[in-house]
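A.B. asks: mind looking at a prediction? Sequence and model below.
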Amino acid sequence: MSAVDAPPVTNAPPITSTSPGTSTAILRFLRVTLHVGFAVLLAVGVSRLLLEAGERPSRYVYFGLSVALALVYLVGTVAEKRFSAGRLQKNPRRWAVLWLGLITVMWAVLMFGSVEFSWLVFPLFFLHLHLLPRWAGIGMVLVMTAGVILAQWASSGADFPPLPVVLGPVFGMAFSIATAKAYKLLYQEGEAQRHAAEELRRTRAELASTQHEAGVLAERARLAREIHDTLAQGFSSIILVSRAARRSLDSGDLESAGESLTMVEATAAENLAEARNFVRGLSSPALAQTSLVEALSRLCSKTEREAAARGGQLACSFRLDGEPVEIPQPYKVTLFRAATTSLANVWLHAHATSAVVSLAFLGSEVTLDVYDDGRGFDPDILPGAVAGRSDGSGFGLRSLRERVVVQGGTLALETAPGEGTVVAIRLPLGAGVDTGFNAGLGTELGTGLSSRQGDSNG
């Protein structure tokens, strides 16, 4: 409850800044100085009381009263300090005026018993100016100053108050009022700094939470694309080929059944490799030990075999235009996944008899076109499908679009009922291209395909 220990209105954490020169450090110095000054002046008064000439039985009463004053002052100061530090739940500020009145009365009794205690008035000035309303505090300071002058005048035995007796307390009063005003300004500045620091911590916490949520959503989107383009399509292929194997077994065609089971085994092995590499965060196994051109060529052959294992007739060919150049690994993964997704759409839904995968290196960009002569579809019915279906399908072109946009590329879809489908992808080449996952992430959902570009199957 001292002038420098008054807490904020709420039980908020204390200011943590302790760097020299800040308002917090200055307030701490003033607080310590006030307490030390009170203790020193009280000790001086007690020592002078005990060492005064002559025997006065009352001096032991004053000694006991000075000890009581020290204890009351200490209890109030420690309680306020503990509350300010958050170690005391109940706010002792409601007892501040009572506490201040008690130590003031005890001081007044001591002062009129021994004038040596009059100098304790200066620390008490600060308490009254801080804990009481402005004019009440100044009024009490004037009354206390008059009391000190009267006590010292009476002690001097003069007919009129000596000039030093008047000027000393008056100058001390003026200095205390000015210092208390400066302290109040520092205290308000310290409170403003504390609130600003709390707001900064809160803002940082909210920003960290927002960034964490954004990272979680981005990672979920990445996982959804990877799972769809690898495991989901592999499982779909296994299901369809195994159904073809069952039909072959039912009809007694063991050779076709054996080919289908071989295809199931190969697809399952590839899916297992994809899953293991996916867990380790690596690229597609199809690109691990080979070039993109070879991987796309093998993908076309595999698509033909899967179609044949299901009893279909699909001629899938690969075409290369231009001289291949080294492209970033994220580009390779994106193009390979795009071809995988597009060909899966072809042999699952398009009922096509031929498909062509065309990879072209055009200097400033690399392009991938996947054409099929299937039944096509009306792109006007696709906007709802782009978001995916309730069973988890319908995610293919949306996933592909996100992959392409992340790499700063574009995806175009040309189709119409009965006229086949062309999926065209363009990725820029050259310096300054950000091929990381975060490139364009903030705008990929708003700047990808138009609402007319969708996925015939997912």
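C.D. replies: Nice, thanks for sending it over. Numbers count the residues shown, from 1 in each chain.

A.B. asks: can you classify the residue located most distally from the centre of the chain by secondary structure?
C.D. replies: Residue farthest from the centre of the chain, counting by Cα atoms, centre = their mean, is D159 at 74.7 Å. Following DSSP: H, G, I helix; E, B strand; the rest coil, we place D159 in the coil state.

A.B. asks: do E323 as well
C.D. replies: coil.

A.B. asks: how about it: what's its closest non-neighbour residue?
C.D. replies: Distances taken as Cβ to Cβ, 6 or more residues apart in numbering put F361 closest to E323, at 6.2 Å, once the chain neighbours are dropped. (C-beta placed from N, C-alpha, C; glycine too.)

A.B. asks: just V357 next, same as before
C.D. replies: F318 is the one closest to V357 (Cβ to Cβ, 6+ apart), at 5.0 Å.

A.B. asks: host element of that neighbour?
C.D. replies: Using DSSP states H and E, F318 sits in strand 315-321.

A.B. asks: equivalent analysis for E255, please.
C.D. replies: Applying DSSP H and E, one finds E255 within helix 254-279.

A.B. asks: so which bits of that helix are buried?
C.D. replies: 256-257, 259-261, 263-264, 266-267, 270-271, 273-274, 277-278 (16 or more other Cβ atoms under 10 Å).

A.B. asks: which among the residues you listed gets closest to G37?
C.D. replies: F278 (71.5 Å; Cβ to Cβ).

A.B. asks: tell me the secondary structure for A424?
C.D. replies: strand.

A.B. asks: which single one of the buried residues of helix 254-279 is nearest to A308?
C.D. replies: Nearest member of the buried residues of helix 254-279 to A308, counting by Cβ to Cβ, is E259, at 7.8 Å.

A.B. asks: ok, A424 to L411 distance?
C.D. replies: Distance, A424 to L411, by Cβ to Cβ, to the nearest Å: 7 Å.

A.B. asks: and if you look at A309?
C.D. replies: 30 Å.

A.B. asks: those two: which is more packed in?
C.D. replies: A309 (24 against 21; other Cβ atoms under 10 Å).

A.B. asks: what's that one in contact with, if anything?
C.D. replies: By Cβ atoms under 8 Å, 6 or more residues apart in numbering, the residues touching A309 are 241, 244-245, 256, 259-260, 263.

A.B. asks: show me what the helix holding E255 packs onto, helices and strands only.
C.D. replies: In terms of contacts (3 or more Cβ pairs under 8 Å, 6 or more residues apart in numbering; DSSP states H and E), helix 254-279 is packed against helix 233-251, helix 292-309.

A.B. asks: closest to Y187 out of these?
C.D. replies: So among the helices and strands packed on helix 254-279, helix 233-251 is nearest, using Cβ to Cβ, at 68.0 Å.

A.B. asks: only C-alpha atoms, please: export the closest one in CSV.
C.D. replies: Provided in CSV are the C-alpha atoms of helix 233-251 (Å, rounded to 0.1, in the frame of the first residue of the first chain):
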residue,chain,number,x,y,z
GLN,A,233,-6.1,-44.7,-57.4
GLY,A,234,-4.0,-47.8,-56.8
PHE,A,235,-6.7,-49.3,-54.7
SER,A,236,-9.3,-48.4,-57.3
SER,A,237,-7.2,-50.2,-59.9
ILE,A,238,-6.8,-53.3,-57.7
ILE,A,239,-10.6,-53.5,-57.1
LEU,A,240,-11.4,-53.3,-60.9
VAL,A,241,-8.7,-55.7,-62.0
SER,A,242,-9.6,-58.2,-59.2
ARG,A,243,-13.2,-58.1,-60.4
ALA,A,244,-12.0,-58.9,-63.9
ALA,A,245,-9.9,-61.8,-62.5
ARG,A,246,-13.0,-63.1,-60.8
ARG,A,247,-15.0,-63.0,-64.0
SER,A,248,-12.2,-64.8,-65.8
LEU,A,249,-12.2,-67.5,-63.1
ASP,A,250,-16.0,-67.9,-63.3
SER,A,251,-15.7,-68.4,-67.1
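
A.B. asks: of the contacts of A309, which is the nearest to G322?
C.D. replies: M263 (32.9 Å).

A.B. asks: contact partners for that closest one?
C.D. replies: 241, 305-306, 309.

A.B. asks: pLDDT score for it?
C.D. replies: On pLDDT, M263 comes in at 78.

A.B. asks: how close does it sit to L254?
C.D. replies: 15 Å.

A.B. asks: again, but for V406
C.D. replies: From V406 to L254 the distance is 47 Å (Cβ to Cβ).

A.B. asks: what do you get for S260?
C.D. replies: 11 Å.

A.B. asks: before we move on, back to that, wait, which of the contacts of M263 is closest to E206?
C.D. replies: E306 (50.3 Å).

A.B. asks: that closest one contacts V241, correct?
C.D. replies: Yes - E306 lies in contact with V241 (Cβ atoms under 8 Å); the separation is 6.2 Å.

A.B. asks: need the residues touching each of the two.
C.D. replies: 263, 267.

A.B. asks: counting contacts, what elements does the longest helix anywhere in the chain pack onto?
C.D. replies: Secondary structure of the chain read by DSSP state H shows that its longest helix is helix 163-227. Here helix 163-227 touches helix 23-51, helix 121-131, helix 134-156, helix 396-406, going by 3+ Cβ pairs under 8 Å, 6+ apart.

A.B. asks: look up the pLDDT of S317 for me, please.
C.D. replies: Model confidence at S317 (pLDDT) stands at 91.

A.B. asks: quick one: contacts for it?
C.D. replies: 300, 354-357 are the contacts of S317 under Cβ under 8 Å, 6+ apart.

A.B. asks: give me that answer again for 10 Å
C.D. replies: Listed by Cβ atoms under 10 Å, 6 or more residues apart in numbering, the contact set of S317 reads 297, 300-301, 304, 354-358.

A.B. asks: how near is it to L343?
C.D. replies: In terms of Cβ to Cβ, S317 sits 11 Å off from L343.

A.B. asks: any shared contact partners between those two?
C.D. replies: Joint contacts of S317 and L343 (Cβ under 10 Å, 6+ apart) are 300, 304, 355, 357.

A.B. asks: helix or strand: which one has the third one?
C.D. replies: Secondary structure from DSSP H and E places A355 in strand 354-361.

A.B. asks: CA-only coordinates of that strand in CSV, if you can.
C.D. replies: Listed next in CSV are the C-alpha coordinates belonging to strand 354-361 (Å, rounded to 0.1, in the frame of the first residue of the first chain):
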residue,chain,number,x,y,z
SER,A,354,-7.1,-44.4,-77.3
ALA,A,355,-5.3,-41.9,-75.1
VAL,A,356,-2.2,-39.8,-75.8
VAL,A,357,0.1,-38.3,-73.2
SER,A,358,2.2,-35.4,-74.7
LEU,A,359,5.1,-33.8,-72.9
ALA,A,360,6.7,-30.8,-74.5
PHE,A,361,9.6,-28.6,-73.6
